[in-house]
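Colleague: all I have is the shape, not the residue letters:
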Ligand SMILES: NC(=O)c1ccc[n+]([C@@H]2O[C@H](COP(=O)([O-])OP(=O)(O)OC[C@H]3O[C@@H](n4cnc5c(N)ncnc54)[C@H](O)[C@@H]3O)[C@@H](O)[C@H]2O)c1
Ligand SMILES: [Zn+2]
Ligand SMILES: [Zn+2]
């Protein structure tokens, strides 16, 4: 089959690889019909490259048709239409019982001390082949699937794999009081969708980014936007001015480790990027290598006693954090990979023909799988007004 493979830093290619096969009785094979590129894939594209091997198949936002099931996957049949959550979870361990599916004890990657395995997401998350391919092997398939109805196009449901539950959890963790204000940093797919969900739930939303197309799109959906280019040095003041001098009740960081405007982190990224993997890996784990500008902004912007919700992914183990300010401002900090299936029942009623969250037209680019290498480059550079890419194998 054809698959999008990681070949080196900033280098992905479409290759012929062996078709996946049922390996465990709890596996299923899915024929992929739509598979997206995510901002998280960009972390593998560059900063997390030390945890990848050449040939690893990328992709964790996948849907398709069940092709084959193992003998212990009693609740799936060939021909059924399914979306795969980005994380692989068993549905029956202690953590799954707590609906903390990203911490599943059956698939936790103990070798690296990390949580549940994730499709196409490096050795840190189990080195499981991803879904940017013609076929996907789904481990723990008895639980790792979301059945969706026939009829509407894939674009209606494919964001259940990641964007929708991630944005939903980000907003839930932000815990905006009734009538309150949420500031969303980063208006990529995650931040954009978080804005839509928060507005749908009745919050006032202020969105920050530095890419014109992303600011425009958020504004068209009722977000009050702030262009970071105009407020590199006074973002906190600008947002306090919009919120009675106090700051918003909550800030959602939908940027993560590749934030613009963080010179120290940028040097660390470059240095780690040039080192041999064996040295870079412990560096990533033991040193502060994140670009922390968005997190620092969040700490500054949020009102006293407010909440910061981190959806953006961070990966350094010793990042410098201003504990004095966090403690003094009495800030609550909540974060993590989204527990996808926990939110499906909340989200599904919104995936209707009247499309309140605008999922049907959420993708800016729909491309054949073969175009993935160019799409990765364009998406990373934020060119061609590209905000979300869906790939069609
Ligand atoms: N928690 C989860 O389960 C989960 C799931 C999916 C994605 N993510 C993470 O969410 C983050 C966003 O993902 P995405 O797909 O929207 O990616 P993206 O890269 O398209 O979006 C990031 C946006 O942040 C903007 N930005 C950069 N620096 C900024 C700054 N200092 N202040 C404000 N905005 C800034 C960029 O211009 C861009 O529009 C990534 O870190 C991704 O890994 C987390
Ligand atoms: Zn994703
Ligand atoms: Zn589990």
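Modeller: Sure thing, it's come through. Because the structure is a prediction, the values reported are computed rather than measured. Numbers count the residues shown, from 1 in each chain. Ligands and ions are numbered 1, 2, ... in the order given.

Colleague: what residues does the stretch 151-300 of the chain have near ligand 2?
Modeller: Residues of the stretch 151-300 of the chain lying near ligand 2 by CB under 5 Å from the ion: residue 162. Using the backbone N, CA and C atoms, a C-beta is placed for each residue, glycine as well.

Colleague: not counting sequence-adjacent ones, nearest residue to residue 75?
Modeller: Leaving aside its sequence neighbours, residue 75 sits nearest to residue 142 (CB to CB, 6 or more residues apart in numbering; 6.0 Å).

Colleague: now do that neighbour: how many residues are near it, please.
Modeller: 20 (other CB atoms under 10 Å).

Colleague: the one 4 residues further on too?
Modeller: Other residues near residue 146 number 19, with proximity taken as other CB under 10 Å.

Colleague: report the contact partners of the closest residue to it other than its chain neighbours.
Modeller: Distances taken as CB to CB, 6+ apart put residue 83 closest to residue 146, at 4.5 Å, once the chain neighbours are dropped. If a contact means CB atoms under 8 Å, 6 or more residues apart in numbering, then residue 83 has 62-63, 145-146, 148, 157-158, 160-161 as its contacts.

Colleague: 6 Å - rerun?
Modeller: Going by CB atoms under 6 Å, 6 or more residues apart in numbering, residue 83 touches 63, 146, 148, 157, 160-161.

Colleague: which of those sits closest to residue 128?
Modeller: Closest approach to residue 128 among the contacts of residue 83 (CB to CB): residue 161, at 14.2 Å.

Colleague: that older thread, and after the helix or strand harbouring the residue nearest to residue 146, which helix or strand comes next?
Modeller: For residue 83, the host element (DSSP states H and E) is strand 81-84. Note on strand 81-84: by DSSP H and E, the next helix or strand toward the C-terminus is helix 94-97.

Colleague: what about stretch 153-169, start to end distance?
Modeller: The straight-line separation of the ends of stretch 153-169 (CA to CA, to the nearest Å) is 25 Å.

Colleague: can you start the count at 14 instead of 1 from here on
Modeller: Let's use 14 as the start, then, which means that last one is stretch 166-182.

Colleague: distance from that stretch to the middle of the chain?
Modeller: 10 Å (CA atoms, centre = their mean, to the nearest Å).

Colleague: what residues sit buried inside that stretch?
Modeller: Judged by neighbour count (16 or more other CB atoms under 10 Å), stretch 166-182 contains these buried residues: 167-182.
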